[in-house]
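Enquirer: below: sequence and its predicted model.
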Amino acid sequence: MDRPMLCHLISLALVAVATLFSIIAIATPYWQKSIDHPRVVVRNSGLFETCSAISADADKQCQSIYSPQGHIIATRAFMIMGCIFLGFTAIATILLLREILKKGNIFAVVLAALAFLWLLIGCSVYTGGSKPLSLKAEFGYSFGLAWASCVISLLAIPFAFLARQSEKS
């Protein structure tokens, strides 16, 4: 396997993982978790819904967030745009692999960079705008997946660029 093909495959794999992590992060209500000890209420908050239960083992009752705070709205928008650009990056990389798109490699690099920026802004806005729900609040796994997708999408950029550089020579 030649170097450009390997770089394309690695870039595509990274973009696929980043997209999966972003979708899971957006869809799940585990961006922030809090436990109120007097009543032992566990509350998980996400971008679109909040779930609470009497204890960690009890059934959760979830409700949609109809009037979210400003930083939640901004995070939703940036994360969704990041997913869209990751999808476009995957499509461009597949087209490059199949040699349907001949000289569009810079396009894949730009799309990956834009996806990274959208995800970075979304994660940063949530991090900066989040206030603990109680003294026992902490960030959940959805929050971690969102940041992981941001870092992984950043790693895809050099591989897309290396594939472009290899094809030029």
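Expert: Right, received. Where do you want to start? This structure is a prediction, so every number in the text was calculated from the model and none was measured.
Enquirer: worst-scoring helix or strand of the chain, pLDDT-wise?
Expert: Lowest by mean pLDDT, DSSP states H and E among the helices and strands of the chain is strand 32-36, with a mean of 79.
Enquirer: that one pairs with which strands, parallel or anti?
Expert: Here strand 32-36 has these sheet partners by DSSP bridges: strand 41-45 (antiparallel), strand 138-139 (antiparallel).
Enquirer: so who does residue 78 touch?
Expert: 118, 119, 121, 122, 125 (CB atoms under 8 Å, 6 or more residues apart in numbering). For every residue, glycine as well, the C-beta is placed using N, CA and C.
Enquirer: brain fart, residue 118
Expert: 78, 79, 81, 82, 85.
Enquirer: I'd guess the first one is in a helix, am I close?
Expert: Put plainly, it is residue 78. Yes. Following the definition DSSP: H, G, I helix; E, B strand; the rest coil, residue 78 is counted among the residues of a helix.
Enquirer: use 734 as the first number for this chain going forward.
Expert: Sure, I'll start numbering at 734, so the last one becomes residue 811.
Enquirer: from residue 746, how far off is it?
Expert: 24 Å (CB to CB, to the nearest Å).
Enquirer: with the last one instead?
Expert: Residue 818 sits at a distance of 17 Å from residue 746 (criterion: CB to CB).
Enquirer: between those two, who's got more neighbours?
Expert: Taking neighbours as other CB atoms under 10 Å, residue 818 and residue 746 compare with residue 818 leading, 23 against 15.
Enquirer: mind listing what the more buried one touches?
Expert: Counting by CB under 8 Å, 6+ apart, residue 818 touches 844, 845, 847, 848, 851.
Enquirer: so of those, which ones are in helices?
Expert: 844, 845, 847, 848, 851 (DSSP state H).
Enquirer: for the residues you listed, which one is nearest residue 807?
Expert: Residue 807 lies nearest to residue 851 out of the ones in helices among the contacts of residue 818, by CB to CB, at 11.2 Å.
Enquirer: which non-adjacent residue is nearest the closest one?
Expert: Closest residue to residue 851 apart from its sequence neighbours, by CB to CB, 6 or more residues apart in numbering: residue 815 at 3.6 Å.
Enquirer: check which residues of the helix or strand hosting that neighbour are buried.
Expert: Per DSSP states H and E, residue 815 falls inside helix 803-830. Buried residues in helix 803-830, counted by 16 or more other CB atoms under 10 Å: 804-805, 807-809, 811-823, 825-826, 829-830.
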